[in-house]
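S.K.: Quick one: sequence plus predicted model below, questions after.
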Amino acid sequence: MTVRSRWSRSRTGDPASAATDAGPPTAQVNPAELEDCLRACAVHSGKLVGSLDKRRTALAEKLRELLALWAAQEQPQPAATGAGSLIRRGAKAVSGSGLSNELLDALLAVGNKALDCGYDDELNLALLINDTVLTQRKNSRAGWRLRGRLLEAMGRPAAAVEAFDRYLSLTQEDGFGVRAKVAGLRTAQERRGELLALLERTVPDAAAFAAGPTTDVWAEGLEAHSAGDWDAAQARLVGALLAMDRAEAPEQEFQEALSHYLDLCTGIHQRPTPELTEAIALFAEQRRNRMRGPLSDPLFGGLQWISLGEFRNRIAGKSVCLIANSGKVGESAMGAEIDAYDLVVRFNSYKIDAVHTGKRTDIHVSIHKHGFNWDQPVDIRLIFGGISGDWKWSLRNRLVPGAQKYLGDESLRWPVRTIGKLGADVWPAIPTSGFNMLWLLDFLDVSPTLDLIGFDFYESGAYRIDAAMKMPITSVHEYTSEKAWVMERAQSVSGMRISLR
């Protein structure tokens, strides 16, 4: 089966040509067979051999993992040999037994990496994978979130909202900031509609060209502009924009054409007219909301930024315990002991069970890439991230007003790298949130008691809130090195408690 015939984006170089594409996709799932999907993955894996593109290299690795898992799940077959028979036998085995949880996770990992690539071939593969996942698991939260991201990447914001809404209906915790994304997309579409209505009012002659061939009308408008006839050009260019909107052209193509038109307008008018000023403002607002969503409270409930020195002063002289998100914490019965510390530090998508984990959280430490538990009230929230721009974007889009009194500033963004100056030559792996925090507390050295509870470095599995339990224990971290660092500094080890002070 092919995907390109259903959802292929225009690559003609003409932003108006997208209106000639086939009808727009929606969030509706196109039924797909697991066998067809796995065959397509096997074929695509071969296409990536020797690729120098880092994104495609990452995709190739996930494809290899998927195909290895597929091969391991196949039923023993004495007959037939060769690559073709392996595909047939493997497909028969998995299609007969249905989509296992392991295969589901592997397919989703491939789909996400394919989406990251952004090329047509990979987007088509991601779509096929997504159709397959949602055919097999119609209530897959990860599947619907992937579909929303995929639709957005393909320039279908209305359909993306539909998919994201389905995801939100299936989950209670919005750790990926989907609600803010949906609010931004909806607001952007409203401003886009207002902008088109403004253009239609201010250029009434455009209506005569809105039904014509979009590509031809756009080209005629550019020719008229080059000839110095702005009235004729404006009518045709706006007419083409209206036609693109009515044909539901991919959003990226429409935005490119709209931006081009406004650039031409600013070149014509040395002093912008009130209508042009309003149009530019609406254009900027709809782009801004699409990128980062509306912001209801710019002060985020009056939080205060704290620097490295101010954070040191707030923890000085206090006993501190760091609670791991490990399986054995969920069975520890140490809740009362944990709550007896002056400061309780928890990480990322921690789960509260008062008997086992305690109920207090004074400091929440999280990586910036997701927003699990960012709505839980804490005194101090430290958000870690390696890239300053991405970190700032996450803070703006994921912070919950009033959920924290103090927020770590740039000086506390990535302690191991920016404070400790431990580069990749000294510490090659990406440090975890837990290690960044533990290193910071050890470096400041102002806590008379510094204990780690349940840190077995995921040997007992993960203990997280339900929405995060599907997240894999990522391989980019080097838990062995972190464990060695901890044990070298341990003053005592007693049961689940490791004491560094």
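M.R.: Arrived safely, thanks for sending. The model shown is predicted, which means the values in this text are computed figures rather than measured ones.
S.K.: pull the longest helix from the chain.
M.R.: Scanning the chain for the longest helix, with DSSP state H as the assignment, gives helix 178-202.
S.K.: Please work out the average pLDDT along that one.
M.R.: Mean pLDDT, computed over helix 178-202, is 94.
S.K.: need the next SSE after that helix, C-terminal direction.
M.R.: Remark: after helix 178-202, the chain's next helix or strand is helix 214-226, criterion DSSP states H and E.
S.K.: And that next one, what does it pack against?
M.R.: Packed against helix 214-226, as judged by 3 or more CB pairs under 8 Å, 6 or more residues apart in numbering; DSSP states H and E, are the following elements: helix 230-246. To be clear about C-beta, it is placed using only N, CA and C from the backbone, and glycine gets the same treatment.
S.K.: Could you give the number of residues near the closest residue to Ala243 other than its chain neighbours?
M.R.: Taking CB to CB, 6 or more residues apart in numbering, and ignoring the residues beside it in sequence, Ala243 has Thr214 as its nearest neighbour in space, at 4.5 Å. When counting by other CB atoms under 10 Å, one arrives at 27 neighbours for Thr214.
S.K.: Hmm, Thr214 is touching Leu237, no?
M.R.: No: using CB atoms under 8 Å, Thr214 is not in contact with Leu237; the gap is 10.9 Å.
S.K.: what's next to the longest helix of the chain, contact-wise?
M.R.: Residues outside helix 178-202 that contact it (CB atoms under 8 Å, 6 or more residues apart in numbering) are 145, 148, 152, 157-158, 160-161, 164-165, 167-168, 206-207, 238, 241-242, 245, 258, 275, 278-279, 282-283, 285-287, 289-294, 397-398.
S.K.: likewise stretch 454-472?
M.R.: Contacting residues not belonging to stretch 454-472 are listed as 105, 109, 141-142, 171-173, 175, 322-330, 332, 348-351, 370, 372-373, 434, 473, 479-480, 482-483, 486, 496, 498 [CB under 8 Å, 6+ apart].
S.K.: So which bits of it are buried?
M.R.: With burial defined by 16 or more other CB atoms under 10 Å, the residues of stretch 454-472 counted as buried are Gly454, Phe455, Asp456, Phe457, Ser460, Ala462, Tyr463, Arg464, Ile465, Ala467, Ala468, Met471.
S.K.: Skipping its backbone neighbours, what lies nearest the spatially most central residue of the chain in space?
M.R.: Centroid-nearest residue in the chain: Phe176, 6.6 Å away (criterion: CA atoms, centre = their mean). When the adjacent residues along the chain are set aside, Phe176 lies closest to His370, with 5.6 Å between them (CB to CB, 6+ apart).
S.K.: In three-state terms, label the one you found for me.
M.R.: Using DSSP: H, G, I helix; E, B strand; the rest coil, the three-state assignment for His370 comes out as coil.
S.K.: For the stretch 351-500 of the chain, which segments count as helices?
M.R.: For the stretch 351-500 of the chain, applying DSSP state H, counting those that start in this stretch gives helices covering 354-357, 388-398, 415-418, 433-444, 479-489.
S.K.: List the buried residues of the last one.
M.R.: Put plainly, it is helix 479-489. Tyr479, Glu482, Lys483, Trp485, Val486.
S.K.: what's next to it, contact-wise?
M.R.: With CB under 8 Å, 6+ apart as the test, helix 479-489 has contacts from 427, 429, 431-432, 434-435, 438-439, 442, 452, 455, 457-458, 493, 498, 500.
S.K.: Buried subset of those, written for PyMOL?
M.R.: Only the buried members of these enter the following PyMOL selection, criterion being 16+ other CB under 10 Å:
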select buried, resi 427+431+432+434+435+438+439+442+452+455+457+498+500
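S.K.: Need the worst-confidence member of the contacts of helix 479-489.
M.R.: By predicted confidence (pLDDT), the lowest-ranked of the contacts of helix 479-489 is Tyr458, with 68.
S.K.: on that earlier part again, mind putting the buried residues of helix 479-489 into a markdown table with pLDDT and distance to Ala233?
M.R.: Compiled in a markdown table, the buried residues of helix 479-489 are given as follows (pLDDT from 0 to 100; distance: CB to CB, whole Å):
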| residue | pLDDT | distance to Ala233 |
| --- | --- | --- |
| Tyr479 | 73 | 62 |
| Glu482 | 89 | 63 |
| Lys483 | 88 | 67 |
| Trp485 | 93 | 66 |
| Val486 | 93 | 68 |
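S.K.: any chance of the residues you listed in JSON lines, plus distance to Thr266?
M.R.: Rendered in JSON lines, the data for the buried residues of helix 479-489 read as follows (distance: CB to CB, whole Å):
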{"residue": "Tyr479", "distance to Thr266": "55"}
{"residue": "Glu482", "distance to Thr266": "54"}
{"residue": "Lys483", "distance to Thr266": "59"}
{"residue": "Trp485", "distance to Thr266": "57"}
{"residue": "Val486", "distance to Thr266": "59"}
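S.K.: where does the protein dip in pLDDT?
M.R.: Residue ranges of the chain with pLDDT under 70: 1-25, 74-97, 458, 470-478.
S.K.: And the lengthiest strand in it, what's buried?
M.R.: If you go by DSSP state E, the chain has its longest strand at strand 378-384. Neighbour counts using 16+ other CB under 10 Å place Val378, Ile380, Arg381, Leu382, Ile383, Phe384 of strand 378-384 among the buried residues.
S.K.: how about the fourth one, what does it touch?
M.R.: If I follow you right, that is Leu382. Contacts of Leu382 were listed using CB under 8 Å, 6+ apart, and they are Phe311, Ile363, His364, Val365, Ser366, Leu407, Gly408, Leu412, Met437.
S.K.: follow-up on the earlier one: could you report the distance from the residue nearest to the centre of the chain to Arg290?
M.R.: Phe176 sits 17 Å away from Arg290 when distances are taken as CB to CB, to the nearest Å.
S.K.: what's the answer for Ser169, then?
M.R.: For Ser169, the distance to Arg290 under the criterion CB to CB works out to 22 Å.
S.K.: same deal with Val133?
M.R.: When distance is defined by CB to CB, Val133 is 26 Å away from Arg290.
S.K.: So which of these two has more stuff around it?
M.R.: Residue environment comparison for Val133 versus Arg290 gives the larger neighbour count to Val133, 26 against 20, counting by other CB under 10 Å.
S.K.: show me the contacts for that one.
M.R.: Contact criterion CB under 8 Å, 6+ apart gives Leu99, Leu104, Leu107, Leu108, Gly111, Ser140, Ala142, Gly143, Leu146 as the residues in contact with Val133.
S.K.: Just name the closest of these to Cys117, please.
M.R.: Top of the list for closeness to Cys117, among these and by CB to CB, is Gly111 at 10.9 Å.
S.K.: ok, that closest one - how many residues close by?
M.R.: Per other CB under 10 Å, the neighbour tally for Gly111 reads 30.
S.K.: do the same with the one 10 residues further on
M.R.: Using other CB under 10 Å as the criterion, Asp121 is surrounded by 15 other residues.
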